[in-house]
Every structure is written in C-alpha cells, then in structure tokens.
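> take this sequence and fold it.
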Amino acid sequence: MVHAGPAAMVTGIEAARMHGVKRLPAEAKVHVLVPHESGVSSWGFATVERTVHLPEPTEIDGLPVVPLARALFDAARHMDRLDEVRAMIADAVQRGLCDPRDLKQEIEKGTTIGSALPRRVVHEMDRGIRSATGAWARSVVKRSKLPEPQWNVNLFTSDDRLLGRVEAYWREANMALEIDSLEFHLGSAGNARARTHRALTGAGVVVVHVLPSHLRDEPLTVIQRLRATYEKAAGRPPPDVQVRSVRHAA
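Predicted structure coming up:
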C-alpha cells in the first residue's frame with residue numbers, strides 16, 4: 001500500500017480473504033486498485049491496476065478494502081479455472097457474505113476483459129434459484145386448489161408502463177404472487193423491489209409476498225395465505241392492468 005499510494009485499495013483474492021471468504025485459490029500477489037491517473041506500476045508481489053471505477057472502500061484491519069462483490073469480480077477476472085471461480089463465489093454467497101445481485105451489478109458495469117467465468121457462474125446461480133423457487137411455487141399453488149394462474153408474467157398499465165414482473169397472476173382476483181428470492185442472497189429487497197411493490201399495489205393489484213424457505217418448508221401456511229387473500233381480492237373491481245408473458249414482453 002505504501003508503494004501504491006494513499007488512494008489505493010486492496011481488491012482481488014486478498015480482499016476476498018479479508019472479507020472472510022475461505023474457498024480461495026493460492027495467490028502470492030496482492031492486487032490493488034489505484035486511480036486511473038496514477039503513475040504507479042506493478043512491482044514485486046504488488047499487482048497494481050489503474051481504474052476509472054474506484055469503489056468506496058471499507059476499512060479492514062486498518063487497510064482500505066473494496067466491497068466484496070468488487071473483490072470477487074476482480075479476483076475472478078484473473079482466474080482461469082471455472083471450478084475455482086464457482087467455489088469462491090459459492091462460498092461468499094452461501095455464507096451470507098455477498099449478495100449475487102451486487103456481483104451481477106459489478107459484472108455489468110465493469111470491464112468485459114476476463115469477465116467470462118464470473119458471468120457464467122452468476123448466470124448459473126441465478127438460473128438455479130429461479131428454477132427451484134418456481135417449482136416450489138407451482139407445487140404449492142396446485143395443492144391450494146385455486147384456479148390456475150398465469151405464470152411468470154409482466155404487468156403493465158393501460159398506457160404501457162411496466163409495473164413489475166410477478167411469479168403468478170390471478171386475473172379474476174387481481175392477485176399476484178411474488179417470490180422474494182433475494183432471501184437466498186441474504187440481502188434486503190432493496191429500492192427496486194420496493195418501487196415494484198408500490199407500483200403494483202398502486203395500480204390495484206393485491207400482492208402476496210412469500211420467501212423461498214416458506215414455499216419449501218411451510219407450504220400449508222402459504223396455501224392458507226393464498227386462499228384467504230384470493231377470497232378477499234376476488235370481490236374487488238378489476239384494475240386496469242395488462243398481462244404479458246415475460247418471453248414476449250418488450
């Protein structure tokens with residue numbers, strides 16, 4: 001850090017280790033980020049990378065360290081084994097150290113150089129979560145004896161403004177099922193999810209939120225909620241909402 005300068009911060013494998021990630025490959029070098037205008041170069045065991053996207057660091061053991069999502073992305077960009085990238089990211093996510101949504105954002109806004117492996121791992125993880133929770137939801141709805149809903153749809157206003165994407169929608173009851181799958185990511189729903197909820201309810205849609213663990217471990221409780229909400233919602237006037245399958249939505 002003395003070599004890299006006062007604006008430098010630790011990233012990569014060493015930063016991930018400092019955040020508590022354990023399943024990491026051996027690495028003798030320390031990867032640090034510096035401002036793009038810095039003239040400092042790599043030297044000895046210090047890998048110095050200039051960037052225009054310096055994050056806000058946190059202090060760990062008296063050193064400035066990038067957020068874990070950035071550390072994982074920077075580490076993965078310099079790794080060439082898919083199994084090691086999988087192990088590293090899975091360890092961080094499964095132990096609640098990192099939200100995959102944050103890692104996905106880092107990948108989307110960061111460099112494409114070396115990003116193929118982390119992109120693949122995050123895509124696999126996201127697809128797996130959606131697949132599991134979707135299957136649990138369909139099983140619960142089938143057991144509830146409620147009418148078959150429209151699955152995995154986007155809801156729009158009459159003037160074509162997107163309200164949000166929901167797991168299931170019962171048009172006759174103006175009721176939507178939303179799975180708060182970010183429970184698996186161990187992060188809050190965030191501002192985007194809160195805006196979606198406000199948009200849906202503001203348009204007259206009754207939204208039932210459930211967690212993946214409730215679908216899996218407490219299906220009878222979820223069924224009772226769905227039935228009770230459906231009975232109350234079915235008597236309300238229909239909202240001015242358009243329904244489109246996700247695969248056809250603009």
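> C-alpha from now on. contacts and neighbour counts both.
Noted.
> longest single helix anywhere in the chain?
helix 116-144 (DSSP state H).
> tell me the helix or strand right after that one.
Note on helix 116-144: by DSSP states H and E, the next helix or strand toward the C-terminus is strand 150-157.
> relative to helix 116-144, how tilted is that next one?
Angle of strand 150-157 versus helix 116-144, following axes from the mean of the first three to the mean of the last three C-alpha atoms, to 10 degrees, is 100 degrees.
> surely V34 forms part of a strand?
Yes - if the criterion is DSSP: H, G, I helix; E, B strand; the rest coil, then V34 is within a strand.
> which pLDDT does the model give the most far-flung residue of the chain relative to its centre?
Of all residues in the chain, G44 has its C-alpha farthest from the mean position, at 36.6 Å, by C-alpha atoms, centre = their mean. If you check G44, the pLDDT there is 90.
> relative to R70, how far out is it?
With distances taken as C-alpha to C-alpha, to the nearest Å, G44 is found 23 Å from R70.
> got the domain ranges for the protein?
With domains defined by automatic domain parsing, the chain comprises 9-114, 132-248.
> ok, which of these comes nearest E124?
domain 9-114 (9.5 Å; C-alpha to C-alpha).
> endpoints of that closest one, how far apart?
Domain 9-114: ends 20 Å apart by C-alpha to C-alpha.
> show me the one of the domains of the chain that comes nearest R120.
Between those, domain 9-114 lies closest to R120; by C-alpha to C-alpha that is 8.8 Å.
> so V21 sits in a helix?
No - judged by three-state DSSP, V21 forms no part of a helix; its state is coil.
> mind checking the SS state of the one residue sitting closest to the centre of the chain?
Nearest to the geometric centre of the chain sits R101, at 2.5 Å (C-alpha atoms, centre = their mean). Under three-state DSSP, the three-state class of R101 is helix.
> I'd like to know which helix or strand in this structure has the lowest mean pLDDT.
One helix or strand of the chain scores below all others by mean pLDDT, DSSP states H and E: helix 190-202, with a mean of 76.
> buried residues in the very next helix or strand once past it?
As assigned by DSSP H and E, the chain's next helix or strand after helix 190-202 is strand 206-210. The neighbour-count check on strand 206-210 (16 or more other C-alpha atoms under 10 Å) flags 206-208, 210 as buried.
> partners of strand 206-210 in the sheet?
If you go by DSSP bridges, strand 206-210 pairs up with strand 175-179 (parallel).
> could I get the average pLDDT for the strand it pairs with?
On average, strand 175-179 scores 92.
> which residues touch it?
For strand 175-179, contacts defined as C-alpha atoms under 8 Å, 6 or more residues apart in numbering pick out 133, 166-170, 205-212, 229-230, 233.
> one step back: tell me what the longest helix of the chain is packed against?
With contacts taken as 3 or more C-alpha pairs under 8 Å, 6 or more residues apart in numbering; DSSP states H and E, helix 116-144 sits against helix 68-77, helix 82-94, helix 100-109, helix 212-217, helix 219-233.
> among these, which comes closest to L155?
The closest of the helices and strands packed on helix 116-144 to L155 is helix 219-233. By C-alpha to C-alpha, the value is 17.1 Å.
> report the distance from that closest one to the chain centre.
The chain centre lies 27 Å from the centre of helix 219-233; the measure is C-alpha atoms, centre = their mean, to the nearest Å.
> now the angle from it to strand 175-179?
Using the same axes, to 10 degrees, helix 219-233 lies at 150 degrees relative to strand 175-179.
> ok, what's across the strand from the nearest residue to S245 once chain neighbours are set aside?
Spatial nearest neighbour of S245, excluding adjacent residues (C-alpha to C-alpha, 6 or more residues apart in numbering): V153 at 4.5 Å. With DSSP bridges as the criterion, V153 is bridged to V166, S245.
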